[in-house]
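Undergrad: Build the 3D model from these lines:
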Amino acid sequence: VETSFSSGGLHIAATLLLPDGDGPHPGVVLIQGSGPSSRKNVWSLLIGQEMALRGIAAFLPDKRGTGDSDGDWETAGFEELAADAVAAVDALAGLPEIDAGHVGVIGLSQGGFYAPVVAVAAGTEKVGFVGAVSTSLVRWDQTINHEMSNTFREVGLSGRHFDLAVQVQNAALAFVRGGSWEEYSRIREVALVETKADVIAGFPADQDAPMWTRVRKMVGYDPFPQWEQVSQPMFFAFGEEDEEDNVPVAASIERIRAHLKPTHDVTFHLYPGSGHALWDPEMAEQGEAAIRQDFSLNLVEWILSRR
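TA: Residues are numbered from 1 along each chain as shown. I've put the predicted structure just below:
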């Protein structure tokens, strides 16, 4: 079902995936990950379809500025994106097919950074549970450094070329914190000439590129204090191999174990053989993208147990 809602005057398009049978159904807002992720994002659609097959309505909004929606994702920080997700919760809960007393949010990848902000802002009367899938629980700058170092290795950079790429990454973060554009630009040019790597060319050459606005809003953000404020049940899912890709998995799990109080209702799963997307390992070997079924079942059973 195609629908839409308003967030701060912006038109946001969304897809509602409904289970078979009469409602009202429990409902989940799936918060999109990084980049221009719209409601047609394959990963979020597959997760939403798994939910709908098992009796849970999945609500997939566009990220602002993607798909058929207003706004600009390139300059949006977590505060603006969280406000959109709160509006999505209200829109979902207001639909006649939905059990408004059993609505939650699940953040996918970067969407999990601000899922706790949504849960706290909306409150327990509107959001009964909150989860994060393939999401880092360490500071945003530490997470992006982890991810980019893995990316540099994946594209074959090593030795001096790897070190140059790390210097570009560090200079970029220093610039958004008020450092020298000239120093960043110099290091970028040296790295580009020596490595000839597309990943270096991807760093903006323009001081006014929209990315800098977004990164300035995110660079100092630590999601964990937000999670500590959550009073709703929490669910976390990690792919073990994501440690070598996007997410510092070990450090994230350590924060859960060490710092969330015993009074918090916390469930987390670590899935061997899967990376960021939690693809089924056997299907992935055959070149097919399919969400692993143990993750789908764990998530659905956890949501249904929150009634």
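
Undergrad: all contacts plus neighbour counts: C-alpha atoms, from now on.
TA: Noted.

Undergrad: can you count the residues close to L297?
TA: A count of neighbours around L297, defined by other Cα atoms under 10 Å, yields 14.

Undergrad: what does the one 4 residues further on give?
TA: A count of neighbours around E301, defined by other Cα under 10 Å, yields 13.

Undergrad: any idea how far L18 is from it?
TA: According to Cα to Cα, to the nearest Å, E301 and L18 sit 17 Å apart.

Undergrad: Count the residues that sit near I256.
TA: Neighbour count for I256, taken as other Cα under 10 Å: 18.

Undergrad: For it, I want the exact helix or strand it lies within.
TA: helix 249-259 (DSSP states H and E).

Undergrad: Give me the longest strand you can find in this structure.
TA: Longest strand in the chain, counting residues (DSSP state E): strand 98-108.

Undergrad: List the pairing partners of that strand within its sheet, with orientation.
TA: Each strand paired with strand 98-108, and its direction, by DSSP bridges: strand 25-31 (parallel), strand 129-133 (parallel).

Undergrad: Show me what the mean pLDDT comes to for the last one.
TA: Think strand 129-133. Averaged across strand 129-133, pLDDT comes to 98.

Undergrad: next helix or strand past it?
TA: Per DSSP H and E, the helix or strand that comes after strand 129-133 is helix 140-154.

Undergrad: what's the answer for the first one, then?
TA: Read in the C-terminal direction, the helix or strand following strand 25-31 is helix 42-53, with elements assigned using DSSP H and E.

Undergrad: what is the mean pLDDT for the helix or strand following that following helix?
TA: Next helix or strand after helix 42-53 toward the C-terminus (DSSP H and E): strand 57-61. For strand 57-61, mean pLDDT rounds to 98.

Undergrad: What helices and strands are in contact with strand 57-61?
TA: Where contact means 3 or more Cα pairs under 8 Å, 6 or more residues apart in numbering; DSSP states H and E, strand 57-61 is packed against strand 10-17, strand 25-31, helix 42-53.

Undergrad: Now do the first one against strand 57-61, angle only.
TA: For strand 10-17 against strand 57-61, the angle by axes from the mean of the first three to the mean of the last three Cα atoms, to 10 degrees is 150 degrees.

Undergrad: count of residues packed around M211?
TA: Around M211 there are 16 residues (other Cα under 10 Å).

Undergrad: Now tell me which helix or strand of the protein has the poorest mean pLDDT.
TA: helix 281-285 (a mean of 90; mean pLDDT, DSSP states H and E).

Undergrad: If I follow the layout properly, E50 ends up in contact with F295?
TA: No. Applying Cα atoms under 8 Å as the test, E50 and F295 come out as separate, 10.1 Å apart.

Undergrad: Measure how far stretch 288-305 is from the centre of its chain, please.
TA: A distance of 17 Å separates the centroid of the chain from that of stretch 288-305, by Cα atoms, centre = their mean, to the nearest Å.

Undergrad: Show me what the mean pLDDT comes to for that stretch.
TA: The average pLDDT within stretch 288-305 is 95.

Undergrad: Can you mark which positions in that stretch are buried?
TA: Residues A289, A290, I291, R292, F295, S296, L299, V300, W302, I303 are the ones in stretch 288-305 that count as buried (16 or more other Cα atoms under 10 Å).

Undergrad: rewinding a little: need the winner for burial among the strands paired with strand 98-108.
TA: With neighbours taken as mean count of other Cα atoms under 10 Å, those reach their highest mean count in strand 25-31, at a mean of 28.

Undergrad: what does it rub up against?
TA: Residues outside strand 25-31 that contact it (Cα atoms under 8 Å, 6 or more residues apart in numbering): 19, 44, 48, 55-61, 85, 88-89, 92-93, 97-108, 111-112, 115, 304.

Undergrad: now these: which count as buried?
TA: 19, 44, 48, 55-61, 85, 88-89, 92-93, 97-108, 111-112, 115.

Undergrad: ok, and the closest non-adjacent residue to R39?
TA: Nearest residue to R39, sequence neighbours excluded (Cα to Cα, 6 or more residues apart in numbering): D62, at 4.6 Å.

Undergrad: should've said Q110
TA: The nearest residue in space to Q110 (Cα to Cα, 6+ apart) is G33, at 4.6 Å.

Undergrad: same deal with G128?
TA: Using Cα to Cα, 6+ apart, the closest residue to G128 is G104 (5.4 Å).

Undergrad: now S185
TA: A205 is the one closest to S185 (Cα to Cα, 6+ apart), at 7.1 Å.

Undergrad: Can you get me a residue count around the one you found?
TA: 13.
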